[in-house]
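Novice: Predicted structure and sequence below. I'll ask about it afterward.
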Protein chains: 2
Amino acid sequence: MQLQLALDLVNIPEAKELVKEVEEHVDIVEIGTPIINKEGHKAVKEIKDAFPNMTVLADVKVMDAGAYEVMNASQAGADIVTILGATDDITIKGAVEEAKKHGTEILVDMINVPNLEQRAKEIDELGVDYICVHTGYDGQAAGQNPFEQLKVIKNVVKNAKTAIAGGIILDTLPQVVDAEPDLVIVGGGITGQEDKKAAAAEMKKLIKEKVLA
Amino acid sequence: MQLQLALDLVNIPEAKELVKEVEEHVDIVEIGTPIINKEGHKAVKEIKDAFPNMTVLADVKVMDAGAYEVMNASQAGADIVTILGATDDITIKGAVEEAKKHGTEILVDMINVPNLEQRAKEIDELGVDYICVHTGYDGQAAGQNPFEQLKVIKNVVKNAKTAIAGGIILDTLPQVVDAEPDLVIVGGGITGQEDKKAAAAEMKKLIKEKVLA
């Protein structure tokens, strides 16, 4: 089980500071969609250049032009690129094929996918690396969370790794960890804390204890 | 009926050259998703700065954080921001509210929305400015087009303006124009032609003839 730090509301220098602070406790750092929209793939490149041993995920949330977008993100230094589960199979297949050429991985973000169980089954046949349940900022503000959704995909996904994102904090991490996803994605649960390093360390410890249990 | 030039596969200097060439014949210039992912909102800002009287659309394809993304795009100079029809109503409502604060408009991109008629009806109640049927690059490569979809939304959309995008060229423009969308979005139909200015002029002429007919 891995821990991913999601960066969304910071600029590139702030992102570097944050990664430096917590890098020993996280496995993957995510350059969030709002950062990519503001700064472009320069943000991905600068973080990868500064932390070459860190796995970097580019949260491009691709809806179209799967191969082309994965090529651009991979060339910028991304190790993992996100595709929307709401897109069609052609886009996902194009993304998977292109990722193989670059040695990068595909994470499918199931945000706002209506028939989660059915769609997760379909996408699991397309050779993607991760399938991720995700309650976005707007869903969280409306009181939603992704915990039940994780159980749904854990039941049907047989090939891909499973991931979860959406408002996870230290208090809710134990119930997430109990459901045994392969990847836990945390944003404000680390970046919104006074002592970010301690928060990341505590989360990593909880995850390790579960894996060893 | 307006004509929008979609720019996807160019860098910022090439985009400027292109807009300069065809500006007298197009009403809106679109900074496409691949450009925003590569360059960030700098692309939107540079085109708006270079062509302050041109209406600029930022094709951010927002899936989450509707208000925040619309704020960022609007501050970069976008006059119109795109939101995915596949997202939830909360995100669309947040986008619409934020757009009002900036005097910008919302275009909802219906790409890969499964229940087009039903979803178009729902979105039409949310105060968006445009609802756009769209066959993406990957869908076009698989032989799809958006012509029938335009008829579907024309029947149910009562408040928003209607738009169409996806592989429209001079040969197919007459059938598009006959269905009377408020906005026709053309990419390769202009940018892929030897004489781009002539292609844009011919398209604008066809549109004007229809409006005056």
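Specialist: Alright, I've got the coordinates.
Novice: As a check, name the ranges of all helices in chain A.
Specialist: Applying DSSP state H to chain A gives helices spanning A:12-22, A:33-39, A:42-50, A:66-75, A:89-102, A:116-124, A:137-141, A:147-156, A:173-178, A:188-191, A:196-212.
Novice: Is it possible to get these out as JSON lines so that each row also shows mean neighbour count and distance to residue B:77?
Specialist: Glycine gets a C-beta too; all of them are placed from N, C-alpha and C. Below are the helices of chain A laid out as JSON lines (neighbours: other Cβ atoms under 10 Å in any protein chain shown; distance: least, Cβ to Cβ, whole Å):
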{"stretch": "helix A:12-22", "mean neighbour count": "16", "distance to residue B:77": "21"}
{"stretch": "helix A:33-39", "mean neighbour count": "24", "distance to residue B:77": "13"}
{"stretch": "helix A:42-50", "mean neighbour count": "20", "distance to residue B:77": "19"}
{"stretch": "helix A:66-75", "mean neighbour count": "24", "distance to residue B:77": "23"}
{"stretch": "helix A:89-102", "mean neighbour count": "20", "distance to residue B:77": "29"}
{"stretch": "helix A:116-124", "mean neighbour count": "17", "distance to residue B:77": "36"}
{"stretch": "helix A:137-141", "mean neighbour count": "20", "distance to residue B:77": "24"}
{"stretch": "helix A:147-156", "mean neighbour count": "17", "distance to residue B:77": "37"}
{"stretch": "helix A:173-178", "mean neighbour count": "16", "distance to residue B:77": "40"}
{"stretch": "helix A:188-191", "mean neighbour count": "22", "distance to residue B:77": "28"}
{"stretch": "helix A:196-212", "mean neighbour count": "16", "distance to residue B:77": "34"}
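Novice: Dump the ones you listed to TSV, plus mean pLDDT and distance to residue B:91.
Specialist: Listed next are the helices of chain A as TSV, based on pLDDT from 0 to 100; distance: least, Cβ to Cβ, whole Å:
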stretch	mean pLDDT	distance to residue B:91
helix A:12-22	97	24
helix A:33-39	98	12
helix A:42-50	98	22
helix A:66-75	98	21
helix A:89-102	98	20
helix A:116-124	98	17
helix A:137-141	95	4
helix A:147-156	97	17
helix A:173-178	96	24
helix A:188-191	96	18
helix A:196-212	93	28
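Novice: List the contacts of the biggest strand by length in chain A.
Specialist: What stands out as the longest strand in chain A, according to DSSP state E, is strand A:55-62. Here strand A:55-62 makes contact (Cβ atoms under 8 Å, 6 or more residues apart in numbering or on different chains) with A:4, A:6, A:27-33, A:36, A:41, A:44, A:47-48, A:69-70, A:73, A:76-84, A:87, A:91, A:95, A:107, A:109, A:111, B:37, B:61, B:63-64.
Novice: Please apply the same query to stretch A:170-186.
Specialist: For stretch A:170-186, the surrounding residues in contact (Cβ under 8 Å, 6+ apart) are A:1-6, A:28, A:30, A:130, A:132, A:134, A:145, A:147, A:150-151, A:154, A:161-165, A:168-169, A:189, A:199, A:202-203, A:206-207, A:210.
Novice: do that again at 7 Å, thanks
Specialist: Residues outside stretch A:170-186 that contact it (Cβ atoms under 7 Å, 6 or more residues apart in numbering or on different chains) are A:1-6, A:30, A:130, A:147, A:150-151, A:154, A:161-165, A:168, A:189, A:199, A:202-203, A:206-207, A:210.
Novice: Run a quick check on residue A:117 versus residue A:156, I expect a contact.
Specialist: Yes. Judged on Cβ atoms under 7 Å, residue A:117 makes contact with residue A:156 at a distance of 5.7 Å.
Novice: Adjacent strands (with direction) for the longest strand of chain A?
Specialist: Take DSSP bridges as the rule and strand A:55-62 pairs in its sheet with strand A:28-31 (parallel), strand A:80-84 (parallel).
Novice: re the thing from before, the helices of chain A into a markdown table, with extra columns for distance to residue B:185?
Specialist: As requested, these are exported to a markdown table (distance: least, Cβ to Cβ, whole Å):
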| stretch | distance to residue B:185 |
| --- | --- |
| helix A:12-22 | 32 |
| helix A:33-39 | 20 |
| helix A:42-50 | 27 |
| helix A:66-75 | 18 |
| helix A:89-102 | 19 |
| helix A:116-124 | 28 |
| helix A:137-141 | 26 |
| helix A:147-156 | 34 |
| helix A:173-178 | 42 |
| helix A:188-191 | 37 |
| helix A:196-212 | 43 |
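Novice: For the spatially most central residue of chain A, give its distance to chain B.
Specialist: With distances taken as Cα atoms, centre = their mean, the residue of chain A nearest its centroid is residue A:185 (5.6 Å). The gap separating residue A:185 from chain B is 13 Å, by Cβ to the nearest Cβ, to the nearest Å.
Novice: Contact partners for the nearest residue to that residue once chain neighbours are set aside?
Specialist: Excluding the flanking residues, the one nearest residue A:185 by Cβ to Cβ, 6 or more residues apart in numbering or on different chains is residue A:165, at 3.6 Å. Listed by Cβ under 7 Å, 6+ apart, the contact partners of residue A:165 are A:6, A:132, A:134, A:146, A:185.
Novice: now with 10 Å?
Specialist: Applying Cβ atoms under 10 Å, 6 or more residues apart in numbering or on different chains, we find residue A:165 in contact with A:4, A:6, A:30, A:59, A:107, A:109-111, A:132-136, A:146, A:150, A:181, A:183-187.
Novice: Good, we can wrap up now.
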